[in-house]
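> build me a structure from this.
(chains A and B)
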2 protein chains.
Amino acid sequence: MICHLGVIVDGAPRVVPTAYGRDGDTLYLHGSTGARSLAEAAGREVCVTVTHLDGIVLARSIFHHSVNYRSAMIYGTPRPVTDPGERLAGLRAICEHLAPGRWDIVRRPSRKELAATAVLALSLEEASVKVRQGPPRDEEADYALDVWAGVLPVHQVFGEPIPDPLLRPGIPPSGIPGR
Amino acid sequence: MICHLGVIVDGAPRVVPTAYGRDGDTLYLHGSTGARSLAEAAGREVCVTVTHLDGIVLARSIFHHSVNYRSAMIYGTPRPVTDPGERLAGLRAICEHLAPGRWDIVRRPSRKELAATAVLALSLEEASVKVRQGPPRDEEADYALDVWAGVLPVHQVFGEPIPDPLLRPGIPPSGIPGR
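Numbers count the residues shown, from 1 in each chain, chains lettered A, B, ... in the order given. This next block holds a predicted model:
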């Protein structure tokens, strides 16, 4: 649901969790125009990493303990999005990724809100993917050990929606992702 | 359970998901001695970010959609750990963080395995924490809108353990985190 954006600020790496959206071969990021990491990312090389943790690999030796995961790293130089249409499309992609269905039922961004929002576009052209799946791979001799081995799956799940304390009475739950 | 390690490689940022462990005020990272990102991280500035996604904040306007999260960013220059005792302690911290209870029941690292493993120590001295919690904060006028608003909690949960297909019969489940 979120990515980790790596930028170089004052010569040192900075890794910031942030929302993202995808439209075809373009990844969109957004942030406050006042946010330094996002401002520093425009026109400079970045690395955006998205990781799904799928499980904990419980092996018969410490050495072969591992995690099952799927990870994508995207490298490139983000382009500040200035075209009003693409800015809206980028924001829509980000919002729909996090909260599908909301764009069409809530208030769209005002001119003032749009002016306070920076949108960056990053091509998916240069990317690498790393994956580990499946059971542990132990040393031959260790299969004789009397220890349970396997994979403990890890899932990300939604809990029960928590209504805003300021929600007016009589508004039914709607536009809630996954429902 | 995992962190994202940001390093500068050939002048560009690289963000790699990896396991970590903590012992007091020290964060430990490990990896194959052949892994480039880890090798590049020793003696150079890094940023390690750990993020817990807690919920999706569903507001009455696109602009105020957000996520609830807790995030820690640790900045510093990792020290390669060479002392054999600290190397083992660091590996133990990493293993116990991911899979508590395993260290004492599975085979410990051999001399050959230890030689193939790089361990880095990063002080927690320079770190920053970012948190967002609670309900959406909407514009005054938007509270009149007929749209459900609130928080959709996000949890990371364990599934049913999947035994290794090569598990010998008669070995009961044990040393499984969270059970």
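> just the helices in chain A please.
Using DSSP state H, the helices of chain A run over A:36-41, A:84-98, A:111-115.
> and these: which comes nearest chain B?
Proximity to chain B, assessed across the helices of chain A by CB to the nearest CB, is greatest for helix A:111-115 (4.3 Å). From N, CA and C alone the C-beta is placed, and that goes for glycine too.
> let me see the contact set for A:Ser32.
For A:Ser32, the contact set (CB atoms under 8 Å, 6 or more residues apart in numbering or on different chains) comprises A:Leu38, A:Ala116, A:Thr117, A:Ala118.
> what's the most distant pair in those residues?
A:Leu38 and A:Ala116 (12.0 Å; CB to CB).
> the longest strand belonging to chain A close to chain B?
Longest strand of chain A, by residue count under DSSP state E: strand A:46-58. Yes - for strand A:46-58, a contact with chain B is found by CB under 8 Å from any CB of the partner chain, at A:Val46, A:Cys47, A:Val48, A:Thr49, A:Thr51, A:Leu53, A:Gly55, A:Ile56, A:Leu58.
> what about the closest residue to A:Pro17 other than its chain neighbours, how many residues nearby?
Counting by CB to CB, 6 or more residues apart in numbering or on different chains, A:Pro17 lies nearest to B:Thr51, which is 4.2 Å off, once chain neighbours are set aside. B:Thr51 is flanked by 23 other residues according to other CB atoms under 10 Å in any protein chain shown.
> redo the residues of strand A:46-58 next to chain B as a markdown table? Include pLDDT.
Listed next are the residues of strand A:46-58 next to chain B as a markdown table, based on pLDDT from 0 to 100:
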| residue | pLDDT |
| --- | --- |
| A:Val46 | 97 |
| A:Cys47 | 98 |
| A:Val48 | 98 |
| A:Thr49 | 98 |
| A:Thr51 | 98 |
| A:Leu53 | 97 |
| A:Gly55 | 98 |
| A:Ile56 | 97 |
| A:Leu58 | 97 |
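> so how do I select the buried members of these in ChimeraX?
Here is the ChimeraX selection string for the buried members of the residues of strand A:46-58 next to chain B, based on 16 or more other CB atoms under 10 Å in any protein chain shown:
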select /A:46,47,48,49,51,53,55,56,58
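> where do the strands sit along chain A?
For chain A, the strands defined by DSSP E occupy A:2-9, A:12-19, A:21-23, A:26-32, A:46-58, A:66-76, A:79-80, A:117-123, A:126-132, A:150-158, A:162-163.
> and the second one, what's its mean pLDDT?
Same thing as strand A:12-19. Averaging pLDDT along strand A:12-19 gives 96.
> just the CA trace of it, in PDB.
What follows is strand A:12-19 as a C-alpha-only set of coordinates in PDB (Å, rounded to 0.1, in the frame of the first residue of the first chain):
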ATOM      1  CA  ALA A  12      23.200  11.400   2.600                       C
ATOM      2  CA  PRO A  13      20.400   9.000   1.800                       C
ATOM      3  CA  ARG A  14      17.000   9.600   3.200                       C
ATOM      4  CA  VAL A  15      14.200   6.900   3.100                       C
ATOM      5  CA  VAL A  16      10.700   8.100   3.500                       C
ATOM      6  CA  PRO A  17       7.500   6.000   3.500                       C
ATOM      7  CA  THR A  18       4.900   7.500   1.200                       C
ATOM      8  CA  ALA A  19       1.700   6.700  -0.800                       C
END
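> which stretches of chain A aren't confidently modelled?
Residue ranges of chain A with pLDDT under 70: A:37.
> ok, the residue of chain A positioned farthest from its centre - contacts?
Using CA atoms, centre = their mean, the residue of chain A lying farthest from its centre is A:Ala144. It sits 40.9 Å away. Contacts for A:Ala144 (CB under 8 Å, 6+ apart) come out as B:Arg168.
> same thing but at 10 Å, please
For A:Ala144, the contacting residues are A:Arg60, A:Asp138, B:Arg168, by CB atoms under 10 Å, 6 or more residues apart in numbering or on different chains.
> what of A:Thr18?
Contacts of A:Thr18 by CB under 10 Å, 6+ apart are A:2-5, A:29-31, A:35, A:37-38, A:41, A:48, A:94, B:51, B:67, B:71.
> return the member of those residues nearest to B:Trp148.
For the contacts of A:Thr18, the nearest to B:Trp148 is B:Val67 (17.5 Å; CB to CB).
> count the neighbours of A:Ser128 for me.
A:Ser128 sits with 11 neighbouring residues when counted by other CB under 10 Å.
> same question for A:Ala121.
21.
> got it, and A:Val151?
Other residues lying near A:Val151 total 23 when counted by other CB under 10 Å.
> how close does it get to A:Arg70?
As defined by CB to CB, to the nearest Å, A:Val151 lies at a distance of 14 Å from A:Arg70.
> what's the answer for A:Leu58, then?
Distance from A:Leu58 to A:Arg70, by CB to CB: 19 Å.
> also A:Pro78?
Taking CB to CB as the measure, A:Pro78 falls 23 Å from A:Arg70.
> before we move on, what about A:Pro153?
From A:Pro153 to A:Arg70 the distance is 13 Å (CB to CB).
> which residues are common contacts for these two?
A:Leu53, A:Asp54.
> measure how buried the nearest residue to A:Ile2 once chain neighbours are set aside is and give me the count.
The shortest distance from A:Ile2 to any non-neighbouring residue, by CB to CB, 6+ apart, is to A:Pro17 (5.2 Å). Residues lying near A:Pro17 (other CB under 10 Å) number 20.
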